[in-house]
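Enquirer: give me the fold of what follows.
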Amino acid sequence: MTATITGTQAAAAPARRRLGLVRHSLLLAGRSLTKNRRNPGLLSDALFMPIVFLLLFVYLFGGAVSGSTHAYLQYIFPGVLVMSAILVGMLATGLSINTDIKKGVFDRFRSLPIGRSAPLAGSVLGDLIRYLVAVVVLFATGYLLGFRVETDVPRALGAAGLAVTLGFCMSWINVLIGVLIREEVIVQTVAFLGIFPLAFGTNMVVPTHTLPGWLQAWVKMNPVSHAVDACRGLLLGGPVAHEAMLTLLWSAVFLVVFAPLAVLAYQRRS
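Expert: Numbers count the residues shown, from 1 in each chain. Next comes the predicted model:
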């Protein structure tokens, strides 16, 4: 009987640890939400970045690319949706983690009986509020400028969810950068340089066939391009399944590769 109870308890231990890690991560995510509530200025990038990008691209390239700003607004809005989700997550999360490490906040977490990955997971989960703010601001701004969803509300929500999923998974790249690099300025520089070819080397601004051959090859293999095409199909109509599946596949790859690397780098640094 004792052996049976001991074996059952041993088998249940990993499950308890996993549940504990989830609970600790959610608690630390609540800490991030509290920081944002007490200092709303931390959400300024999520508030203003979508507006700036949408206005800049529509009124700078609209007449030259599509002949009218309204037609170009319909074309570029899905791309700005994806780019906003990626930039809001990647440029903020790693920097926030780097700042907490330098201030000794994560050293305090080390003294607590929590999983080593919980501080990183909690910070990333807490930053989901940035995605929500960015998406809401972008759709509100787009509507005021004249953008209209040509499908339906569920598909529009699907487009927003797909963009946020990719942005969330790619944010682990910047988490790794924030843990490995000690200087905040260098974290920002490396993150921006790393994300620039992914975010802008797409068919977001102009159709793929108008680009040089070498750039077309990059655009077609760029995971962000798949997300842009999928969101266009969900918002404006058109084929969706293939591009959405590729986007989810790439999201899984980013998460599976970079999340463990970030946790490992954090464990070695701490």
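Enquirer: count the residues that sit near the closest residue to Gly178 other than its chain neighbours.
Expert: Once flanking residues are discounted, Gly178 sits nearest to Gly94: 3.1 Å by C-beta to C-beta, 6 or more residues apart in numbering. Heads up, the C-betas are built off the backbone N, CA and C, glycines and all. Neighbourhood size, Gly94 [other C-beta atoms under 10 Å]: 29.
Enquirer: what separates Arg148 from Phe200, distance-wise?
Expert: Applying C-beta to C-beta, to the nearest Å, the value for Arg148 to Phe200 is 26 Å.
Enquirer: check Val137 too.
Expert: 21 Å.
Enquirer: ok, Ser68 next?
Expert: 23 Å.
Enquirer: so who does Val240 touch?
Expert: Contacts for Val240 (C-beta atoms under 8 Å, 6 or more residues apart in numbering) come out as Ala230, Gly233, Leu234.
Enquirer: helices - which of these land there?
Expert: Of these, the ones assigned to helices by DSSP state H are Ala230, Gly233, Leu234.
Enquirer: could you dump those into JSON lines with pLDDT and distance to Asp45 added?
Expert: Formatted as JSON lines, these follow (pLDDT from 0 to 100; distance: C-beta to C-beta, whole Å):
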{"residue": "Ala230", "pLDDT": "95", "distance to Asp45": "24"}
{"residue": "Gly233", "pLDDT": "94", "distance to Asp45": "28"}
{"residue": "Leu234", "pLDDT": "95", "distance to Asp45": "25"}
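Enquirer: any chance of those residues in a markdown table, plus distance to Ala191 and neighbour count?
Expert: What follows is the ones in helices among the contacts of Val240, written out as a markdown table (distance: C-beta to C-beta, whole Å; neighbours: other C-beta atoms under 10 Å):
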| residue | distance to Ala191 | neighbour count |
| --- | --- | --- |
| Ala230 | 24 | 28 |
| Gly233 | 29 | 21 |
| Leu234 | 28 | 27 |
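Enquirer: which helix or strand in this structure has the lowest average pLDDT?
Expert: helix 2-38 (a mean of 62; mean pLDDT, DSSP states H and E).
Enquirer: give me the mean pLDDT for whichever helix or strand comes after it.
Expert: Toward the C-terminal end, the helix or strand that comes next after helix 2-38 (DSSP states H and E) is helix 44-65. Here helix 44-65 scores 83 as its mean pLDDT.
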